[in-house]
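J.: here is a sequence together with a model predicted from it:
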Amino acid sequence: FDEHGEMFMINTVIGHLFHIVPNARYQRMYGAHFNPHLYQLIDQTADHFHWDVSEEHWAAGRNGEISDSTDQAGGGHAHTGLMIYQGNQWPKEFHNQLFTANFHGRRINSDSIHRSGNSYVAHHGKDYFKSADPWFRGIELIYGRSGEVYLADWSDIGECHENDGIHRTSGRIFKITYGDSTPSIRLNITESTVDQLIENLSHPNEWVVRKSRRRLQELIAKEIKPSSLAPLAFEFDEPILKNHPWIQKFEKAFQLASNNKTKLRIMWAYYSCFPGQESWLLQRLSDSNEHLRAWAVRLLTDGRITISESGLERILQTAKLDESGLVRLYLASSIPRFAPDFGHRLTAVLAKKSQDSNDRVQPKLIWFGYEPIVNLIPHLAVDLAFDSKIPLLSQNIARRLTFNIQSGPKIVDKLTAQLQSQKPEKIRSILLG
């Protein structure tokens, strides 16, 4: 996860990095997806590969020999482990940078991640920590309580498919620090007060933040259900929670936070302990920062809040007026969370955003959410196909409806009948479908 709580996943062979969004469907290395009506899948987030795709097959280098061009590109197709550094021991230029172990290249690749369109793009960075040891097989990185980084090395001459034997007792762990590696003052999180734990949410090391958030969850869990460590099954309308003193603490800390990163951390901790704060989250939809608004959408639609009718209308208003592509991305991601009638209404609003028509992710993500709805309300789907300003969505609706031509020919008749009054570009999208 990066500093805004965006999730990234490392991969091998077809591309090494994906930005993970709920309800998205991603490119597969081989085979068909279980749902044949997805039609297009989302490809990788990185704008580069770590091997010479113009000259070599992806499997080149598995024998331990790497060409000069692949060495320059990053070392090979295989990646294991992923860390987005949010510690406070390495220099600032490393903060929020992505690091992954390149298995055959015997090194650590780095990427920088940037907002692009409605999602992200990753650019190739420097290759760090190269090893001359042929046994080096880096498999995971993680930063610790003082910002130091630990690198796990399988330490083996084999490779991932184990076709030439495997050593199970030769692993190593490296500790990577910068400059003075003296540990910072240790915090006793287990014995910290609630006020101290909330104050820790602004700590420069994300390790401390996550442990403090976890401790807050444990404390509220013990207060409600002493036998539980995870407050996932609570009834949040219980009297003990309606005017709980922590609520004011969280909201005051949010108001006093000096930056948006700290506000996000407080928001996550608040929701982890008290997810039933619909009105407070709805207010966040008016925040000036797109990440706070995007997370308000994500938490409102996470399934732990029964959204009121006024809340649903506020979500539609956000879909109509919000200028952030990231906010619209998560609105599209939330479509399956709603009943089909509201899912259709939300899709119809997002489909009118012509600025998203050529986005790398948004048209596909809208379709992934709307596809299960099409056959439930086919007549409304036909109208949406012609009203949409996103050609791929119009094309996919037509394709999905026409798939049922033998069992539902009348809806295809309605679809084709409306073609006569349409502009050429709309006709093309429908006919392609």
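T.: Perfect, I can see it now.
J.: which residues in the stretch 201-350 of the chain form helices?
T.: Counting by DSSP state H, counting those that start in this stretch, one finds helices in the stretch 201-350 of the chain at the ranges 206-224, 239-242, 245-256, 260-273, 278-284, 290-300, 309-321, 325-333, 340-350.
J.: average pLDDT across the longest one?
T.: Read that as helix 206-224. Averaging pLDDT along helix 206-224 gives 92.
J.: in that helix, what counts as buried?
T.: Judged by neighbour count (16 or more other C-beta atoms under 10 Å), helix 206-224 contains these buried residues: 206-217, 219-221, 224. For the C-beta atoms, the positions are set from N, CA and C on the backbone; glycine is no exception.
J.: same deal with the fifth one?
T.: Neighbour-count burial for helix 278-284, counted by 16+ other C-beta under 10 Å, picks out 278, 280, 281, 282, 284.
J.: and which of those residues is nearest to residue 99?
T.: residue 284 (31.2 Å; C-beta to C-beta).
J.: do you know how far the closest one is from residue 244?
T.: Counting by C-beta to C-beta, to the nearest Å, the separation of residue 284 from residue 244 is 19 Å.
J.: which ones are touching residue 296?
T.: Shown in contact with residue 296 (C-beta atoms under 8 Å, 6 or more residues apart in numbering): 281, 282, 284, 285, 287.
J.: the first one contacts residue 299, correct?
T.: In this case it means residue 281. Yes: using C-beta atoms under 8 Å, residue 281 is in contact with residue 299, at 5.6 Å.
J.: what number of residues lie near residue 182?
T.: Counted by other C-beta atoms under 10 Å, the residues lying close to residue 182 total 8.
J.: tell me how far it lies from residue 89.
T.: Note on residue 182: its distance to residue 89, by C-beta to C-beta, is 10 Å.
J.: what touches both of residue 281 and residue 299?
T.: What both residue 281 and residue 299 touch, as defined by C-beta under 8 Å, 6+ apart, is the set 271, 305.
J.: count of neighbours near the closest residue to residue 376 other than its chain neighbours?
T.: Nearest residue to residue 376 in three dimensions, chain neighbours excluded: residue 340, at 5.0 Å (C-beta to C-beta, 6 or more residues apart in numbering). Residues lying near residue 340 (other C-beta under 10 Å) number 16.
J.: which ones are touching residue 340?
T.: So residue 340 contacts 372, 373, 376, 377 (C-beta under 8 Å, 6+ apart).
J.: so for residue 105, which of the helices of the stretch 201-350 of the chain sits nearest?
T.: With distances scored as C-beta to C-beta, the stretch of the helices of the stretch 201-350 of the chain nearest to residue 105 is helix 206-224 (27.2 Å).
J.: which other helices and strands contact that closest one?
T.: helix 194-199, helix 239-242, helix 260-273 (3 or more C-beta pairs under 8 Å, 6 or more residues apart in numbering; DSSP states H and E).
J.: and that helix, how far out from the chain middle?
T.: The chain centre lies 23 Å from the centre of helix 206-224; the measure is C-alpha atoms, centre = their mean, to the nearest Å.
J.: can you check stretch 299-311 too?
T.: 20 Å.
J.: contact partners of stretch 181-190?
T.: Here stretch 181-190 has contacts from 88-89, 145-148, 197, 200, 205, 208, 211-212, 215, using C-beta under 8 Å, 6+ apart.
J.: need the mean per-residue confidence for that stretch.
T.: 78.
J.: mind listing what's buried in that stretch?
T.: For stretch 181-190, by 16+ other C-beta under 10 Å, it's 187, 189.
J.: run a quick neighbour tally on the nearest residue to residue 401 once chain neighbours are set aside.
T.: Using C-beta to C-beta, 6+ apart and skipping the chain neighbours, the partner closest in space to residue 401 is residue 411 (5.6 Å). If you count neighbours by other C-beta under 10 Å, residue 411 ends up with 18.
J.: tell me where this protein has strands.
T.: In the chain, the strands defined using DSSP state E lie at 7-10, 17-20, 79-84, 98-102, 107-116, 119-128, 138-143, 149-153, 172-176.
J.: stretch 282-295: how far from the chain's middle?
T.: On the basis of C-alpha atoms, centre = their mean, stretch 282-295 sits 17 Å off its chain's mean C-alpha point.
J.: can you list the low-confidence ranges for this protein?
T.: Applying pLDDT under 70 to the chain flags residues 160-164, 183-185, 225-242.
J.: residue 153 reaches residue 170, doesn't it?
T.: No: using C-beta under 8 Å, residue 153 is not in contact with residue 170, being 9.0 Å away.
J.: more neighbours: these two, which one.
T.: Neighbours per residue, other C-beta under 10 Å: of residue 153 and residue 170, the larger number sits with residue 153, 20 against 13.
J.: which residues does that one contact?
T.: Listed by C-beta under 8 Å, 6+ apart, the contact set of residue 153 reads 136, 137, 138, 139, 171, 172, 173, 174.
J.: not counting sequence-adjacent ones, nearest residue to it?
T.: Excluding the flanking residues, the one nearest residue 153 by C-beta to C-beta, 6+ apart is residue 172, at 4.4 Å.
J.: how much space separates the one you found from residue 131?
T.: Residue 172 is 11 Å from residue 131, by C-beta to C-beta.
J.: what of residue 82?
T.: 18 Å.
J.: so if I had to pick from the two, which one is more boxed in?
T.: Higher neighbour count among residue 82 and residue 131: residue 82, with 20 against 16, using other C-beta under 10 Å.
J.: wait, that one touches residue 7, no?
T.: No: contact criterion C-beta under 8 Å: residue 82 and residue 7 do not qualify, at 10.2 Å.
J.: make a PyMOL selection of the buried ones in the contacts of residue 153.
T.: Per 16+ other C-beta under 10 Å, the buried members of the contacts of residue 153 correspond to this PyMOL selection:
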select buried, resi 136+137+138+139
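J.: so which of the contacts of residue 153 is the closest to residue 97?
T.: Ranked by distance to residue 97 (C-beta to C-beta), the contacts of residue 153 are led by residue 138 at 16.4 Å.
J.: which residues are in contact with residue 16?
T.: By C-beta under 8 Å, 6+ apart, residue 16 lies in contact with 10, 44, 46, 49, 50, 77, 79, 100, 109.
J.: I figured the fifth one was touching residue 108, is that so?
T.: Pointing back at residue 50 there. No: look at residue 50 against residue 108 with C-beta under 8 Å: they stay out of range, at 11.4 Å.
J.: what touches both of those two?
T.: Common contacts of residue 50 and residue 108 (C-beta under 8 Å, 6+ apart): residue 102.
J.: neighbour-wise, which of those two wins?
T.: Taking neighbours as other C-beta under 10 Å, residue 50 and residue 108 compare with residue 50 leading, 27 against 23.
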